[in-house]
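Chemist: Sharing a sequence plus its predicted fold:
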Amino acid sequence: MIVNKQEWQGLNINTIQTEKFKTLTFIVQFKNKLKADSVAARSLATILLKKATKKYPSNKALQKYLDTLYGARLTSSISRKGDLHQTAIQLTVLNPAYVADESYTIESIIQFLYEVIYQPAEENGGFLNDEFTVEKRNLEETIKATYNDKIQYSLQRLNDIMCADEPYIVRAYGVLEDYGKLTAANVFQYYKKMLAEDEIKISIIGDLAELPIESMFKTIFPVQENHKEKIQMEFFPKIISEVKAEIEHQDITQSKLNIGLRTNIFTNSSMYFAMKVAIGILGGFPHSKLFTNVREKASLAYYASSYYDGSNGMAIIYAGIEAQNLTKADAIIREQITDMLNGTFSDEDLSMTKRSMINDLREAADSVGGMSTLVDAIESLPAIYSLEDWLAAFDRVTRADVVSAMQHVQIDTTYILTSEGEVQ
């Protein structure tokens, strides 16, 4: 899998040639800075783009047309990556090379994609009001549902405490209060602002060898003069002078113990891959130290894991524990962190973690969704242009690299969500 990066008429284009799939996937991504006053409108605008166009002015009409494209799928996604807010429209279609129908052409597919992005259905100067009402309610329900998912809720609260004065505090969908200010008209105006100010990137995945993709895009898509400059991710190193701690009480049966770590190692660092491996050894897999020592040996946790995000330089440990075992579990978790700092892990821990990470990447590349995620990640990794580059970078990580990376780790925040009563 090789990512070929180009710029066509102001649009940043990634083409990924692969013969693994009989489909073509087009991902149109809008990217801008993560801001509390815009994420709700950006999220809703992107979702509404897939509901109707001027040519297909209702969701029913649009879905009917998609059915004629041999079961094409039109979806949307919303994400936060470092200090960036990324929303995307994804169109997956059967490659015309496998269809005898002469009217089913790459030109007609790209024309439809253009209409979805640049010609949404309008009503009274805004998006269709009925669709706006439904999708606004859906997003509000998505936000409300986080409260009932205590793993996600506790991770969100940890992030709120850790990042109170940083861009990372902004949530991908925003907060419930944001949606009360939105109308079909002002969300449509924000959509126009996205067209004018966002970096727009298009990724195309599939067997492209015999298809005139570039010429079709240059013919159908408009010149984007405003997109000459890429919107770069910024990094915010932070030295911890005082560890924060918070305990929240709710009527729950299983307590959550979350620990936030600062690494100050970001995706642009030469130590990025070593840090990925280090946090993997700590708690990324069933063979990892947290799972083995906290859950299996001590029988103190329902789950105990960790992950690392190079876009913000943070690593998170999260565990589900009975309230009476919180203090014991916390002590063992901190022992595992100390062990990693001291290089107290086996060669087998290192080799198994590297092998697991490499296998995960290879497995991801076997699906369109996984490959699109890899393509997005490769964008932020210097000197990584293909899956093979990525695999080799993990394979090169040594014990010394892991120990060196761990010296940058500091505990930032401990957050506990538990039932009423004393933490034991």
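Modeler: It's in.
Chemist: Have a look at the protein and report its longest helix.
Modeler: helix 129-148 (DSSP state H).
Chemist: quick one, whichever helix or strand comes after it and helix 129-148 angle?
Modeler: The helix or strand immediately downstream of helix 129-148 is helix 150-162, counting by DSSP states H and E. Angle of helix 150-162 versus helix 129-148, following axes from the mean of the first three to the mean of the last three Cα atoms, to 10 degrees, is 90 degrees.
Chemist: who touches helix 150-162?
Modeler: Identification of contacts with helix 150-162 by Cβ atoms under 8 Å, 6 or more residues apart in numbering yields 146-147, 168-169, 171, 244, 246, 248, 250, 252, 254, 256, 258, 260, 314, 316, 318, 320, 412-413, 415, 417. Backbone N, C-alpha and C define where each C-beta goes, glycine included.
Chemist: what's the helix or strand that it is followed by packed up against?
Modeler: Per DSSP H and E, the first helix or strand lying C-terminal to helix 150-162 is helix 176-179. Applying 3 or more Cβ pairs under 8 Å, 6 or more residues apart in numbering; DSSP states H and E, one finds that helix 176-179 makes contact with helix 39-49, helix 129-148.
Chemist: mind listing what's buried in helix 176-179?
Modeler: 178-179 (16 or more other Cβ atoms under 10 Å).
Chemist: got the CA positions of it in CSV?
Modeler: In CSV, the C-alpha atoms belonging to helix 176-179 read as follows (Å, rounded to 0.1, in the frame of the first residue of the first chain):
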residue,chain,number,x,y,z
LEU,A,176,-25.3,19.6,24.1
GLU,A,177,-25.7,23.3,24.7
ASP,A,178,-24.1,24.1,21.3
TYR,A,179,-27.0,22.5,19.4
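Chemist: Looking at it now, give me its mean pLDDT.
Modeler: Mean pLDDT, helix 176-179: 96.
Chemist: Please list all residues in contact with the residue positioned nearest the centre of the chain.
Modeler: Using Cα atoms, centre = their mean, the residue of the chain that lies closest to the mean C-alpha position is Ser79, 4.9 Å off. Counting by Cβ under 8 Å, 6+ apart, Ser79 makes contact with 85-88, 172.
Chemist: Go again with 7 Å.
Modeler: Applying Cβ atoms under 7 Å, 6 or more residues apart in numbering, we find Ser79 in contact with 86, 172.
Chemist: which residues does it form a beta bridge with?
Modeler: Gln86 (DSSP bridges).
Chemist: still on that earlier bit, of the contacts of helix 150-162, just the buried ones, PyMOL syntax please.
Modeler: The following PyMOL line selects those of these that are buried, judged by 16+ other Cβ under 10 Å:
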select buried, resi 146+168+171+252+254+256+258+260+314+316+318+320+412+413+415+417
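Chemist: Nothing else from me, thank you.
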